[in-house]
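Engineer: Only the shape, not the letters, is given here:
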Ligand code: 5GP
Ligand code: ZN
């Protein structure tokens, strides 16, 4: 049994505020936003983290990166956005289904 919360969000078994989806990814609003706009992009396929991607995921990763600006523009982030991928406990990863944070709105503080 798959207890992954993001797999359940991708499958529609747990509600989320979806802003974009296609055959490979789903994008929804983070439940605890850390910026005026805070979205999460996940692959429909379960992948634990960047640590576990393989050559078979290259097209998926490219698709995710290419789709981020499309989603950002749709969300009104004309001035730019920040992308974060937390990897492993030491990297602050809490949900072990690969996801890209997309943050923006106003001017984000320096990193
Ligand atoms: P991580 O720390 O793993 O990179 O980020 C996980 C993110 O998922 C956090 O920003 C957290 O607020 C968000 N999150 C956790 N559970 C849920 C949920 O059930 N729904 C939504 N929309 N976001 C969630
Ligand atoms: Zn999953």
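Structural biologist: Yep, it's here. On a predicted model such as this, the values are computed, not experimentally measured, just so you know. Ligands and ions are numbered 1, 2, ... in the order given.
Engineer: When you work out contacts or count neighbours from here on, use the C-alpha atoms and nothing else.
Structural biologist: Fine.
Engineer: Can you check which helix is longest in the chain?
Structural biologist: Longest helix of the chain, by residue count under DSSP state H: helix 58-74.
Engineer: just how off-centre is that helix within its chain?
Structural biologist: Put simply, helix 58-74 sits 10 Å off its chain's centre (Cα atoms, centre = their mean, to the nearest Å).
Engineer: i'd like the first residue to be 33 from this point on
Structural biologist: Sure thing, new numbering starts at 33, so read that last one as helix 90-106.
Engineer: Specify the angle between the strand ranked longest in the chain and helix 90-106 in degrees.
Structural biologist: Ranked by residue count, the top strand of the chain under DSSP state E comes out as strand 69-75. Angle of strand 69-75 versus helix 90-106, following axes from the mean of the first three to the mean of the last three Cα atoms, to 10 degrees, is 160 degrees.
Engineer: before we move on, back to that, what does the longest helix of the chain contact?
Structural biologist: Outside helix 90-106, the residues that touch it by Cα atoms under 8 Å, 6 or more residues apart in numbering are 51-52, 56-57, 73, 75, 110, 112-113, 134.
Engineer: Okay then, goodbye and thanks.
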